[in-house]
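Student: can you look at this prediction? I've put the sequence above it.
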Amino acid sequence: MKPFAYVRARTVGEATAAHAAHPGARYLGGGTNLVDLMKLGVETPDALVDVTGLPLDEVRERPDGGLSVGATVRNSDLAAHPLVRDRYPAVSRALLSGASGQLRNAATTGGNLLQRTRCPYFQDLTKPCNKRVPGSGCGARDGVHRDHAVLGHSDLCIATHPSDLAVALAALDADVELQGPDGARTVPVAAFHRLPGDHPELDTVIRPGELITGVTLPAATAGLASTYRKVRDRASYAFALVSVAAVLDLDARGAVRHVGLAFGGLAHRPWRARHAEEALLGTAPTAADVARAVAAELAAAEPLRDNAYKVTLAQRLAEDVVGGLAGAPRP
Ligand SMILES: Cc1cc2nc3c(=O)[nH]c(=O)nc-3n(C[C@H](O)[C@H](O)[C@H](O)COP(=O)(O)OP(=O)(O)OC[C@H]3O[C@@H](n4cnc5c(N)ncnc54)[C@H](O)[C@@H]3O)c2cc1C
Ligand code: SF4
């Protein structure tokens, strides 16, 4: 590991100023991803600006009934928070399906959203990787890509985004709160991560020096039926092959008044299933309707040599999750 400076910030202003003062700086949350990548030589920051001492470690109820989650709230604390468990169960389930108890005790809300892909070629300095070294090629495309993207990938990168939390937040219409050199701004979680396109080195729309200060969960999806299901190779301590977050609200006739559906493990970002949502809205869906809506979404899939199984898995998982929330009668 190369030498680096370390700054422990006590205010948001101190953190952004320290970042600006050290070219090549990185913010440090729990360090469970960043420090691992530093040990591998994938990340080589000149300075770490530790944000865990910032006063951003609370979950607060907003006057409108939504929640504000500080960027340094630990994943375990967020998963266990009574208001989260009660009003946004998909968030709690997503967090508890990720990593291990020890990791969740260290990992932060901000760091979780900005964790890097688990593509093994990205983590291996001896392999080509356009995300790590733009222009070097993509080792995974013709190599081992069973875990890689089937939706929205590009010729340059087929990596998936690994955060479970991000998928649940995308389905629930949460926002990311940012503070940077040009001031504060808010970005919907569903628009925060990018597809790889021509710039796979950019995972998100975050600007240089911007700090995540928190996440806002809206009042509109508070208290609605929501859940998160994840399929993985092992029962714990494994990233998603496919995951589904869904939130559903039915009116008195059983018609869909609100639906949010997002996939994990399929793309470079949480995949908000807008086509499926559109197909379901206003209907009192049977299981066959749900299956058709999900199929309409997955029609855009472009599986690679070894990962077509993900399309089938995503179809069945989403049918089960959405059908379960809707109580969809079998035809
Ligand atoms: C063995 C293992 C298994 C795992 N399994 C899962 C899993 O199944 N599902 C899952 O979702 N995750 C999983 N994880 C990933 C884990 O959840 C992430 O490592 C963790 O959430 C990252 O949070 P952190 O606070 O430690 O981030 P850090 O490692 O501190 O930082 C990660 C990135 O975010 C940046 N950053 C941190 N905080 C901020 C901020 N406030 N503003 C701007 N930038 C910031 C850092 O600069 C860095 O680039 C696993 C990790 C390991 C090691
Ligand atoms: S899929 Fe993306 S992250 Fe993986 S090797 Fe290819 S360019 Fe790198």
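Tutor: Perfect, thanks for sending it. Ligands and ions are numbered 1, 2, ... in the order given.
Student: next, work out how far apart Asn307 and ligand 1 are.
Tutor: 18 Å (C-beta to the nearest ligand atom, to the nearest Å). For glycine as for every other residue, the C-beta is placed from the backbone atoms N, C-alpha and C.
Student: that residue contacts Arg141, correct?
Tutor: No - taking contact to mean C-beta atoms under 8 Å, the distance of 11.5 Å between Asn307 and Arg141 leaves them out of contact.
Student: mind checking which of these two has more residues around it?
Tutor: Here Asn307 and Arg141 are set side by side on neighbour count (other C-beta atoms under 10 Å), and the busier one is Asn307, at 21 against 18.
Student: which ones are touching the more buried one?
Tutor: Asn307 makes contacts with 145-148, 150, as judged by C-beta atoms under 8 Å, 6 or more residues apart in numbering.
Student: so which of these comes closest to Ala107?
Tutor: Each of the contacts of Asn307 was scored against Ala107 by C-beta to C-beta, and Asp147 proved nearest at 20.6 Å.
Student: near ligand 2, which residues of the stretch 151-300 of the chain show up?
Tutor: Within reach of ligand 2 by C-beta under 6 Å from any ligand atom, the stretch 151-300 of the chain has these residues: 157-159, 200.
Student: report the two of those separated the most.
Tutor: The span of these, defined through C-beta to C-beta, is set by Ile158 and Pro200 at 9.0 Å.
Student: between these two, what contacts are shared?
Tutor: In contact with both Ile158 and Pro200: Cys138, using C-beta under 8 Å, 6+ apart.
Student: and the residue of this structure closest to ligand 1?
Tutor: Gly111 (2.1 Å; C-beta to the nearest ligand atom).
Student: stretch 235-247: which residues count as buried?
Tutor: Buried residues in stretch 235-247, counting neighbours by 16 or more other C-beta atoms under 10 Å, are found at 239-247.
Student: list the buried ones in the helix or strand hosting Val35?
Tutor: Assigning secondary structure by DSSP states H and E places Val35 in helix 34-40. Neighbour-count burial for helix 34-40, counted by 16+ other C-beta under 10 Å, picks out 34, 37-38.
Student: out of these, flag the one nearest to ligand 2.
Tutor: Using C-beta to the nearest ligand atom, the shortest approach to ligand 2 within the buried residues of helix 34-40 belongs to Leu37, at 12.4 Å.
Student: please, which helix or strand holds the residue nearest the centre of the chain?
Tutor: Nearest to the centroid of the C-alpha atoms of the chain, with distances taken as C-alpha atoms, centre = their mean, sits Ala166, at 2.4 Å. Per DSSP H and E: Ala166 is located in helix 164-171.
Student: does that helix reach ligand 1?
Tutor: Yes - judged by C-beta under 6 Å from any ligand atom, helix 164-171 comes into contact with ligand 1 through 164-165.
Student: put the alpha carbons of that helix into CSV.
Tutor: Included here for helix 164-171 are C-alpha records, laid out as CSV according to Å, rounded to 0.1, in the frame of the first residue of the first chain:
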residue,chain,number,x,y,z
ASP,A,164,-28.4,-4.4,-2.1
LEU,A,165,-29.4,-1.2,-0.3
ALA,A,166,-29.3,0.8,-3.5
VAL,A,167,-31.8,-1.5,-5.2
ALA,A,168,-34.3,-1.2,-2.4
LEU,A,169,-33.8,2.6,-2.3
ALA,A,170,-34.3,2.9,-6.0
ALA,A,171,-37.6,1.0,-5.8
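Student: immediately after it, which helix or strand?
Tutor: Stepping forward along the backbone from helix 164-171, the first helix or strand reached (DSSP H and E) is strand 175-180.
Student: helices or strands up against that next one?
Tutor: In this structure, strand 175-180 packs against helix 12-21, strand 183-188, strand 211-217, with contacts taken as 3 or more C-beta pairs under 8 Å, 6 or more residues apart in numbering; DSSP states H and E.
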